[in-house]
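Novice: Give me the fold of what follows.
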Amino acid sequence: MKKYIIATVVGLLCIVGLAKVCSPASSSPQDNQAQKSKVEHKKLKPKKTKSQAELARPYKDPKDLRKAGSWKSRSEKKKYPDISDPKKVVLRVSLKGNRVYVLKNDKVAYTMLSTAGVYKHGKSATPTGTYRIQEGRGESFFNQGLNEGANNWVSWDPEDANVYLFHSVPTTALGDYNLKEAKKLGRTQGSHGCIRLSVPDSRWLMEHAQPGTKVIIKDK
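Specialist: Model (predicted):
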């Protein structure tokens, strides 16, 4: 009987010992905190640094705006707005932001990728100020002095001399588009003073921008 009791006690002690060995070790408060920190660290994402051009834009880019350099397509996928009433429309140009905004009743109706005058000594080759769309417009031109041309132009020249224009990305003497310059569209400055647009955008503006439409040009 005694042997039976002793054997039973020994068996129970072995079971308890095995349970302690096999059971998972409880984590300390320090371990829990370390694991929590790892999880929180994974959730944190580095903030995206905005470029100088992004910081210069007075309005946020629409979701359907095509990527910079898209000179063959209209800038937004949606339809162009009605700009037939010059009293309700303003063309707002951001030189450093590389954008032209079509404002209707003080709200952005359309955003266009653009490239304006290069900056030298802190000043753009495109003059800032308030101007008006003029009567002057045409299918194409070529400047012998600059050895550069463009298509679909419309003037906003304050002297009505057709010097300062909205037009397409530049063309060569053979009439081909200058691909190196076209890639700058919506990305950086590059013109001699005019404001470059994509081929479809420039065509639309040439055909529909009414004389007297206000053009406001600012650095930002």
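Novice: ok, now which ones touch residue 74?
Specialist: By Cβ atoms under 8 Å, 6 or more residues apart in numbering, the residues touching residue 74 are 66, 80, 198, 200-201, 204. The way it works is simple: take the backbone N, C-alpha and C, and place the C-beta from them, glycine included.
Novice: Isn't residue 95 up against residue 194?
Specialist: No: assessed by Cβ atoms under 8 Å, residue 95 is found out of contact with residue 194, at 11.9 Å.
Novice: any residues in contact with both of these two?
Specialist: Both residue 95 and residue 194 are in contact with 116-117, 126, where contact means Cβ under 8 Å, 6+ apart.
Novice: can you pick the most crowded of the residues you listed?
Specialist: Ranked by neighbour count (other Cβ atoms under 10 Å), the shared contacts of residue 95 and residue 194 have residue 116 at the top, with 27 neighbours.
Novice: isn't that residue right up against residue 99?
Specialist: No: between residue 116 and residue 99 there is no contact, the gap being 9.7 Å when judged by Cβ under 8 Å.
Novice: Excluding its own residues, what touches the helix or strand containing residue 167? List them.
Specialist: If you go by DSSP states H and E, residue 167 is part of strand 165-168. Contacts made with strand 165-168 from outside it, assessed by Cβ under 8 Å, 6+ apart, are listed as 71, 91, 100, 141, 150-157, 177, 194-199, 202-203, 205-206, 209.
Novice: partners of it in the sheet?
Specialist: Looking at strand 165-168 with DSSP bridges, its partner strands are strand 148-155 (antiparallel), strand 195-197 (parallel).
Novice: Give me the buried positions along that strand.
Specialist: By neighbour count with 16 or more other Cβ atoms under 10 Å, strand 165-168 contains the buried residues 165-168.
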